[in-house]
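>>> got a predicted structure plus its sequence, pasted below:
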Amino acid sequence: MRIGYPCVNESLDCTTASTFRLASYSDERVEQTVRNNLACLLRILQYNVQHNLRFFRIGSNLVPFGSHPINTFPWQTHFAAEFRAIGDYIKAHDMRVSFHPDQFVVLNSPDAGIVQRSVQELVYQGSMLDLMGLDGTAKLQIHAGGLYGDRESALTRWIATYKTLPDAVKRRLVVENDDRLYSLQDCLRLFDAVGVPVLFDNFHHECLNSGEPMSMAVQLAAATWHPTHDGPLMIDYSSQALGERKGKHTNTMQEDLFRSFLEDLRGIDADIMLEIKDKEASAHRACAILTDLGRLAPVSTPAL
DNA sequence: TCCAGTCAAGGGTTC
DNA sequence: GAACCCTTGACTGGA
């Protein structure tokens, strides 16, 4: 089991998401920004190893305009050594990383242009994992997309688009249940159709489900992951922010709820991403709980 | 230097 | 049909 957090480290004084406006584009700016972002990514990974946080979601903006036609800078070759070094570091420390392309990636849009741009974005983000030399257990997670007033047609379009994806994307793509439109059961239908693993989000499942108890839902999702090709089930973990609208993520982990969720895992091996506002602060507490329960090996000698 | 407005991209909800 | 929300940090330009 690994514990992780997404994109941002609040303890370090750097960001992997430095960018600029489209109107300010220049190759020089891409070169400098990517260099800084990659340097920060390595620092975050080193911090994570030091603190036994071996799961990390890399921010989508590592390369500004990475899938946009304006970006003609050959960053893949220019930074090949840096990407490889980061990948080597990840592998040497038994870490796992992922990307979560944002809401603009919609594979089931009726608009062919949106689908085409979405595929390009997946190719871009997958290519960074390829450059790192990581295997198929490093994933790209997306949601099923929009409803467009007709769930069946929307799911059919998703499946049709999936079948056209490059193999390099297919081997990494996983679909996550969301909190408003597509439940675990919808995602399981996509798995039945094309074999795409289902990334399980406990909080979204609380918001939208078909009555499955949490423990059963985790088992259903876990069964969609091939232990060798996909690695252990990935879970996004969060809980409701008290006093806020339904679906709002909590600012900090509520330990009793986290402990309760661990009970629902019932021994299933999973890597857990804490989608919680205070980032690594909650991840540290999750690590402490799991270490205390004997379900996480204590941190080994840090290698910086 | 600070701060409010804005930023490539989509879709759903509300009014 | 327009406005606004999600979610969010970082950039930008004016004060």
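That came through fine.

>>> tell me which residue in the stretch 1-150 of chain A sits closest to DNA strand C.
A:Thr15 (2.9 Å; C-beta to the nearest atom of the strand). (C-beta placed from N, C-alpha, C; glycine too.)

>>> leaving out the residues flanking it, which one is nearest to that residue?
A:Cys40 (5.9 Å; C-beta to C-beta, 6 or more residues apart in numbering).

>>> cool, A:Leu296 as well?
A:Leu290 (3.7 Å).

>>> near DNA strand C, which residues of the stretch 151-300 of chain A show up?
A:Arg245, A:Gly247, A:Lys248, A:His249, A:Glu275, A:Lys277 (C-beta under 7 Å from any atom of the strand).

>>> neighbour-wise, which one of those leads?
A:Glu275 (23 neighbours; other C-beta atoms under 10 Å).

>>> so which residues of chain A form strands?
Ranges of strands in chain A, per DSSP state E, are A:2-6, A:55-58, A:96-99, A:139-142, A:173-176, A:198-201, A:233-237, A:270-274.

>>> who's in contact with the third one?
Going back to what we said before, that points to strand A:96-99. With contact meaning C-beta atoms under 8 Å, 6 or more residues apart in numbering, strand A:96-99 is reached by A:2, A:4, A:54-58, A:60, A:90, A:125-126, A:128-129, A:132, A:134, A:137-141, A:231, A:234, A:271, A:273.

>>> could you rerun that using 6 Å?
A:Arg2, A:Phe55, A:Phe56, A:Arg57, A:Ile58, A:Ile90, A:Gln125, A:Ala138, A:Lys139, A:Leu140, A:Asp271 (C-beta atoms under 6 Å, 6 or more residues apart in numbering).

>>> what about it and DNA strand B, touching?
No: judged by C-beta under 7 Å from any atom of the strand, strand A:96-99 stays clear of DNA strand B, getting no closer than 11.7 Å.

>>> can you tell me the average pLDDT over that strand?
Average pLDDT, strand A:96-99: 97.

>>> return the set of buried residues in it.
Across strand A:96-99, burial judged by 16 or more other C-beta atoms under 10 Å covers A:Arg96, A:Val97, A:Ser98, A:Phe99.

>>> tell me the contacts of A:Ala286?
So A:Ala286 contacts A:Ile3, A:Leu274 (C-beta under 6 Å, 6+ apart).

>>> against DNA strand C, how distant is it?
Note on A:Ala286: its distance to DNA strand C, by C-beta to the nearest atom of the strand, to the nearest Å, is 17 Å.

>>> for A:Thr161, same thing?
21 Å.

>>> count of residues packed around the residue lying closest to that residue once chain neighbours are set aside?
Once flanking residues are discounted, A:Thr161 sits nearest to A:Leu107: 4.4 Å by C-beta to C-beta, 6+ apart. Using other C-beta under 10 Å, A:Leu107 has 25 other residues around it.

>>> likewise for the one 5 residues further on?
The local packing of A:Ala112 (other C-beta under 10 Å) involves 9 other residues.

>>> over to A:Trp158?
27.

>>> which non-adjacent residue is nearest it?
A:Trp158's closest residue in space is A:Asn108 (C-beta to C-beta, 6+ apart), at 4.0 Å.

>>> for the one you found, what are its contacts?
A:Asn108 touches A:Gly145, A:Ala154, A:Arg157, A:Trp158, counting by C-beta under 6 Å, 6+ apart.

>>> highest neighbour count among those residues?
A:Trp158 (27 neighbours).

>>> what about it, distance to A:Leu129?
Separation of A:Trp158 from A:Leu129 (C-beta to C-beta, to the nearest Å) stands at 22 Å.

>>> low pLDDT regions in the stretch 151-300 of chain A?
For the stretch 151-300 of chain A, the stretches flagged by pLDDT under 70 are A:299-300.
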